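Engineer: Predicted model, plus sequence, below.
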Amino acid sequence: MGSSFGQLFRISTFGESHGGGVGVIVDGCPPRLPIDREAIQAELDRRRPGQSRITTPRKEDDRVEILSGLLDGLTLGTPIAMLVRNKDQRPQDYQEMKVAFRPSHADATYQAKYGIQARSGGGRASARETIGRVAAGAIAKQLLAHVAGTEVIAWVRRIHTIEASIDPASVSLEAVEANIVRCPDGALAERMIERIEAIGRDGDSCGGVIECLVRRPPVGLGMPVFDKLEADLAKAVMSLPATKGFEIGSGFNGTLLLGSEHNDAFLPTGDGRLRTATNNSGGIQGGISNGEPITLRVAFKPTATIRKEQQTINAAGEATTLEAKGRHDPCVLPRAVPMVEAMVALVLADHLLRQRGQCSLY
């Protein structure tokens, strides 16, 4: 099973939703990097369940235990192991999954592929698996900030049909965290919250779009032909649960422009730095970062597990119905914001180390 990600900055996650715990091993982090443990915990707090009235009511503190790889607040250069123990497991809430596959969930395909599945909470298909990614991403963020002053920030751009029009350059972490839906447009955020609550009361779910901005990315990240930076970013964010679409820069709207309208003209700088008048490329040209802000968007589908009765089948292929129980987010986007940030940071950290190794002789 593909539970590892990255080449030089490499992570391996482990654990199931209702097992003893979930976690990650980070391998390849350079030595002597100062690590703020509270910053790791803060990222997990942004991801944890039960944090607001529009998220799953599952109660987990998600306190991280760092088991190895640090000494006196510095990385040793050895593997960093981090563990979060599950405290509020309720496998009894998933008894119906023994006889019925949840539509659009991983139950049926996992069973078809492996002949066995962790039915409680979806096992490895659960968003609880992302705890390890977020913890590792917090370290990647600190590496990027320490080496290059790079900042990765994401926010909710759209919930269902309600979309914010926000200048990414103006977005701050404080504005994102100012409301429970994590949309920096406060007035629109209230409408998003009301929509999520109304849909949740009806036993249904909704999706939306998360936008992400990378400020001050290093120049030269990405390796043609198959390791283009946008290709690795797409794989990273599309590996998150419930993702269904990826755009970078102008994205699909760019197809409506002419080449003369879409091209990013270079500006004279006099010092060899790359600057462009526009940023339709989203900070990446030819698969390599050009130093302009990297902008991307990720589409998330409605949560698959809903309380409405649905037609489905059992393991024998026989028709049945399912009205799911358990504790589920009516909309995954507010908690997915730190997940997107983590995956983007992991890709950038990996490519930063690859670039340093490739160019060390020049």
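Structural biologist: Cool, got the structure.

Engineer: Please make it C-alpha for all contacts and neighbour counts, starting now.
Structural biologist: Will do.

Engineer: Packing partners of the host helix or strand of residue 113?
Structural biologist: Following DSSP states H and E, one finds residue 113 within helix 107-114. Helix 107-114 is packed against no helix or strand, with contacts defined by 3 or more CA pairs under 8 Å, 6 or more residues apart in numbering; DSSP states H and E.

Engineer: Farthest from the middle of the protein: give me that residue.
Structural biologist: Ranked by distance from the centre of the chain (CA atoms, centre = their mean), the top residue is residue 270, with 38.0 Å.

Engineer: I'd like the distance between that residue and residue 63.
Structural biologist: Here residue 270 is placed at a distance of 50 Å from residue 63 (CA to CA, to the nearest Å).

Engineer: what does residue 203 give?
Structural biologist: Counting by CA to CA - residue 203 and residue 63 are separated by 30 Å.

Engineer: swap in residue 146?
Structural biologist: 25 Å.

Engineer: between these two, which one's more packed in?
Structural biologist: Using other CA atoms under 10 Å as the criterion, residue 146 and residue 63 rank with residue 63 on top: 16 against 13.

Engineer: Local confidence estimate at the more buried one?
Structural biologist: Note for residue 63: predicted pLDDT of 96.

Engineer: which ones are touching it?
Structural biologist: For residue 63, the contacting residues are 41, 44, 84-85, by CA atoms under 8 Å, 6 or more residues apart in numbering.

Engineer: which of these count as buried?
Structural biologist: Buried residues within the contacts of residue 63, counting neighbours by 16 or more other CA atoms under 10 Å: 41, 44, 84-85.

Engineer: picking up where we left off before, nearest to residue 142 among the contacts of residue 63?
Structural biologist: Distance ranking of these against residue 142, using CA to CA, places residue 41 first at 12.9 Å.

Engineer: which helix of this structure spans the most residues?
Structural biologist: Looking across the chain with DSSP state H, the single longest helix is helix 333-358.

Engineer: what mean pLDDT would you report for that one?
Structural biologist: On average, helix 333-358 scores 96.

Engineer: How about residue 80: what's its closest non-neighbour residue?
Structural biologist: Spatial nearest neighbour of residue 80, excluding adjacent residues (CA to CA, 6 or more residues apart in numbering): residue 69 at 4.3 Å.

Engineer: And the one you found, how far from residue 228?
Structural biologist: In terms of CA to CA, residue 69 sits 30 Å off from residue 228.
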